[in-house]
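In: the following comprises the amino acid sequence and a computationally predicted model.
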Amino acid sequence: MFKELAEIIMGGGLTITLESAGEGNISLTVLPKTVKGESPALSVPLRLTGMPEELDEQLGGLLSRYVSKRKELAESLKNVELVMNAVLEEAQKMAAEKSREVAKKKSGKKEQEKPAVAGGSQEDKEGEGEEEGEGDDRGGSCDEVGGESENSESLFE
C-alpha cells in the first residue's frame, strides 16, 4: 500500500482523509496536491468507501490502478500540449506568411497606381485650353446628373 502511495507522493504530495461512513464502513479519500503548472485534472481525488476488511484486501490494488491511470492521464495531457503547441506554431507561421503575401500584393498595387509625374500624359495635354465640358464625353448636363428628368424618379419621395 505505501509503495503505491510513494508514487503519488513523488508527484508533489497528497492528503489522506479517513472518516466513518456509518454502519461499520470507512470512507477513505486520497487527494493529490497540485504542483504549479500541473493540470487540475491530475488532482482528482480517489474516494473509497467500504468495510475495513474490504479496504484491507483491496486498497493496494485500487491505489495501484489509481496511480497508473493518473500517470496515463499526465502523459496524455503532455502529448496534447505538445500537439497544441506545434499546431499553434504552424498556424502562426501560416498567418505571418499570409500577412507578408497581402502586404506584398498591396505594395505591388500601389506601385501600379502611381501616375506618371514627369510631363503628364498626352491626354492631359490635349485637353488643355478647352472650355469646361467641351470635347469631354464623360460629363453631362446638370439636369441629367443632379436634377430630375422624364425617366428618373426622385429619391426623396
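Out: Great, that's in hand.
In: all helices of this structure, in order?
Out: 2-9, 52-113, 122-126, 142-145 (DSSP state H).
In: to residue 26, which of those helices lies closest?
Out: Of all the helices of the chain, helix 52-113 sits nearest to residue 26, with 5.8 Å by CB to CB. Backbone N, C-alpha and C define where each C-beta goes, glycine included.
In: helices and strands around the closest one, which ones?
Out: With contacts taken as 3 or more CB pairs under 8 Å, 6 or more residues apart in numbering; DSSP states H and E, helix 52-113 sits against helix 2-9, strand 25-32, strand 46-50.
In: could you figure out how far that helix is turned away from helix 2-9?
Out: Angle of helix 52-113 versus helix 2-9, following axes from the mean of the first three to the mean of the last three CA atoms, to 10 degrees, is 30 degrees.
In: re the thing from before, and the helices of the chain: which comes nearest residue 28?
Out: Taking these one by one with CB to CB, helix 52-113 is closest: 6.4 Å.
In: the closest one - what's its average pLDDT?
Out: The pLDDT scores in helix 52-113 average 88.
In: hmm, back to that, just the helices of the chain: most buried one?
Out: Mean neighbour count (mean count of other CB atoms under 10 Å) peaks for helix 2-9 among the helices of the chain, with a mean of 14.
In: who touches it?
Out: 14, 16, 30, 32, 60, 63, 64, 66, 67, 70 (CB atoms under 8 Å, 6 or more residues apart in numbering).
In: out of those, which comes closest to residue 84?
Out: Using CB to CB, the contacts of helix 2-9 come closest to residue 84 at residue 70, 20.9 Å.
In: so that closest one sits against residue 42, correct?
Out: Yes. Using CB atoms under 8 Å, residue 70 is in contact with residue 42, at 6.2 Å.
In: check contacts around residue 28.
Out: 16, 17, 18, 46, 47, 48, 49, 55, 59.
In: those residues into JSON lines, with extra columns for distance to residue 93?
Out: Formatted as JSON lines, the contacts of residue 28 follow (distance: CB to CB, whole Å):
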{"residue": "16", "distance to residue 93": "48"}
{"residue": "17", "distance to residue 93": "49"}
{"residue": "18", "distance to residue 93": "54"}
{"residue": "46", "distance to residue 93": "43"}
{"residue": "47", "distance to residue 93": "46"}
{"residue": "48", "distance to residue 93": "49"}
{"residue": "49", "distance to residue 93": "52"}
{"residue": "55", "distance to residue 93": "54"}
{"residue": "59", "distance to residue 93": "51"}
